[in-house]
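J.: just coords:
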């Protein structure tokens, strides 16, 4: 686990409480990190740990993830980005008002981080996006047309998430179940153990996913509003890394964004959608090399 973690909690304006962790406040620049759908921030501890030599880390677990409240129905990508910014404004003013800050997120968290940067340009000095799920414009037109008919809940990702197994007898059984399977294919064993240790909770019957399958499914069955108009307004210098074997729409969107927004640079790296869990140390090295140039 990351050393010297402090857990925080914050009651949002939406009425529910979100939680997360941060490392000791040292006066170093700070990275604000948001996880992917169905995960939580500490799942990425193998990648985050090398960053702590040069950065403080603030982990924000979104509604229904990690130890954050379910908070009733999913409030949507845009609203959760607003709530995440609300939390960060509070803690940044309190703990990191005089240092540079970096928005970083994976997948769903990459989109949330982007919306935060767009809607609150003064919050961050730099952005690092790890395989953000920016639907390309063709797909966005399809999902916008499909939403009124409720068709998105029948997408393959939403259906699979809703029927996902959610309980196991013990940690070893859960590890064996996920090992080199589906989204976890290619993960280093240490990263999978981070998932087992932090994305599952103990119950009287064994272990259970902290993020209920219905919540993961609801996110897959929804999308951020006005995505590409938001991306056009992104003016925070941002580095986007994407896996060479990630989803085709991620690759296409990364290329388009790189070509159309002067504030965004992109780089393909070895691996799949969760490349940072396949190569956590190498990913951290890339991030540090980039930030050491851009935040000088």
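T.: Nice, I can see it. All figures in this text were calculated on a predicted structure; none of them were measured in a lab.
J.: Which pLDDT value does the model give residue 292?
T.: Per-residue confidence at residue 292 stands at 89 (pLDDT).
J.: Next up, the contacts around it.
T.: Residue 292 sits next to residue 54 when contact means C-beta atoms under 8 Å, 6 or more residues apart in numbering. Placement of C-beta: from N, CA and C, glycine included.
J.: And for residue 110?
T.: 34, 129, 130, 131, 132, 133, 134.
J.: And residue 72, by the same measure?
T.: Taking C-beta under 8 Å, 6+ apart as the test, what residue 72 contacts is residue 16.
J.: Show me which of the contacts of residue 110 is closest to residue 265.
T.: residue 129 (10.5 Å; C-beta to C-beta).
J.: Now name the helix or strand holding residue 81.
T.: Following DSSP states H and E, one finds residue 81 within helix 77-95.
J.: Just checking: what are the partner strands of the next helix or strand after that helix?
T.: Per DSSP H and E, the first helix or strand lying C-terminal to helix 77-95 is strand 101-106. Here strand 101-106 is paired, per DSSP bridges, with strand 30-34 (parallel), strand 126-130 (parallel).
J.: what angle sits between strand 101-106 and helix 77-95?
T.: With axes from the mean of the first three to the mean of the last three C-alpha atoms, to 10 degrees defining the directions, strand 101-106 sits at 140 degrees from helix 77-95.
J.: residues of stretch 165-176 that come out buried?
T.: 168, 174, 175 (16 or more other C-beta atoms under 10 Å).
J.: likewise stretch 266-275?
T.: Of the residues in stretch 266-275, 266, 268, 269, 271, 272, 273, 274, 275 count as buried by neighbour count, 16+ other C-beta under 10 Å.
J.: my guess is residue 276 meets residue 48, correct?
T.: No - if you go by C-beta atoms under 8 Å, residue 276 and residue 48 don't touch, sitting 9.5 Å apart.
J.: who's more crowded, those two?
T.: Under the criterion of other C-beta atoms under 10 Å, the comparison of residue 276 against residue 48 puts residue 276 first, with 28 against 25.
J.: Thank you kindly, that will do.
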